[in-house]
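1. Quick one, what's the 3D model for this:
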Amino acid sequence: MRATFESFVKAVGAQAGVENLAPDGDNCQLVFDDLPVTLNYNESDDDIMFYCVAGTVPEKEGERLTLFTSLLEANFFFRHTAGSTLSVDTGSGLVAMQRVLPARGLEETELLDTLESYLNMAMLWRERCGGTADESAQASGETSGDAQADTPSESNHESQGWMKA
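-> Numbers count the residues shown, from 1 in each chain. You can find the predicted model right below:
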């Protein structure tokens, strides 16, 4: 099924205006509107995951509690995540957003629509979590900024445009 993943990556590249985009093994790292996103193929489960760093956990206890509450509320039945999951890695202090899709039976248009929805929501959460869009920050696990407690609104989500590379 790796050929299917390669085909999907090529379709993402074509949609974003990047000719002949190809994965590096099981991964493809892209930047959409300054947001580094990784597409990963898991052969053993035959699924595709999108993931990115949305921001960092605030140092102040009150801000941290507010952020954690917002993340939990957003994850409740995927209320404000467009089917993705927001998570926190306590070791690094990073807030991440990930989405897993079964590759079997997945149509190209479904993948592109899901990726677009994921990107729109990830960008909103990056704003809320104070994440940086710097590629080196994601690679090193460092981001900066203070978390925002507000939950993304539907109107903000709808106003986002299609992905750009």
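
2. Without its sequence neighbours, what residue ends up closest to residue 102?
-> Among residues not flanking residue 102 along the chain, residue 47 sits closest, at 5.2 Å (C-beta to C-beta, 6 or more residues apart in numbering). C-betas here are computed from N, CA, C, even on glycine.

3. Help me confirm that that neighbour comes into contact with residue 98.
-> No: contact criterion C-beta atoms under 8 Å: residue 47 and residue 98 do not qualify, at 11.3 Å.

4. Let me know the distance separating the residue nearest to residue 102 from residue 16.
-> Applying C-beta to C-beta, to the nearest Å, the value for residue 47 to residue 16 is 22 Å.

5. rewinding a little: give the contact list for the residue nearest to residue 102.
-> Contact analysis of residue 47 by C-beta atoms under 8 Å, 6 or more residues apart in numbering lists 41, 100, 101, 102, 103.

6. In this structure, mark out all the strands, start to finish.
-> In the chain, the strands defined using DSSP state E lie at 27-32, 35-42, 47-56, 85-89, 94-102.

7. Tally up the residues packed near the closest residue in space to residue 111 that isn't next to it in sequence, please.
-> Of all residues not flanking residue 111 in the chain, residue 8 sits nearest, at 5.2 Å (C-beta to C-beta, 6+ apart). Neighbours of residue 8 under the rule other C-beta atoms under 10 Å: 23.

8. pull the longest helix from this protein.
-> The longest helix of the chain (DSSP state H) is helix 108-129.

9. circling back to that earlier point, can I get the strands of the chain in TSV with distance to residue 77 and mean pLDDT?
-> Putting the strands of the chain into TSV (distance: least, C-beta to C-beta, whole Å; pLDDT from 0 to 100) gives the following:
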stretch	distance to residue 77	mean pLDDT
strand 27-32	26	93
strand 35-42	24	95
strand 47-56	19	95
strand 85-89	12	96
strand 94-102	15	96
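
10. Tell me which residues touch the residue lying closest to residue 6 once chain neighbours are set aside, please.
-> Spatial nearest neighbour of residue 6, excluding adjacent residues (C-beta to C-beta, 6+ apart): residue 23 at 6.0 Å. Contact partners of residue 23, counting by C-beta under 8 Å, 6+ apart, are 5, 6, 9, 39, 41.

11. Name the member of these that has the highest neighbour count.
-> residue 5 (24 neighbours).

12. Bridge partners for the closest residue to that one other than its chain neighbours, pull those for me.
-> Leaving out its chain neighbours, the residue that sits closest to residue 5 by C-beta to C-beta, 6+ apart is residue 41, at 3.9 Å. Counting by DSSP bridges, residue 41 is bridged to residue 48.

13. Cool, thanks, signing off.
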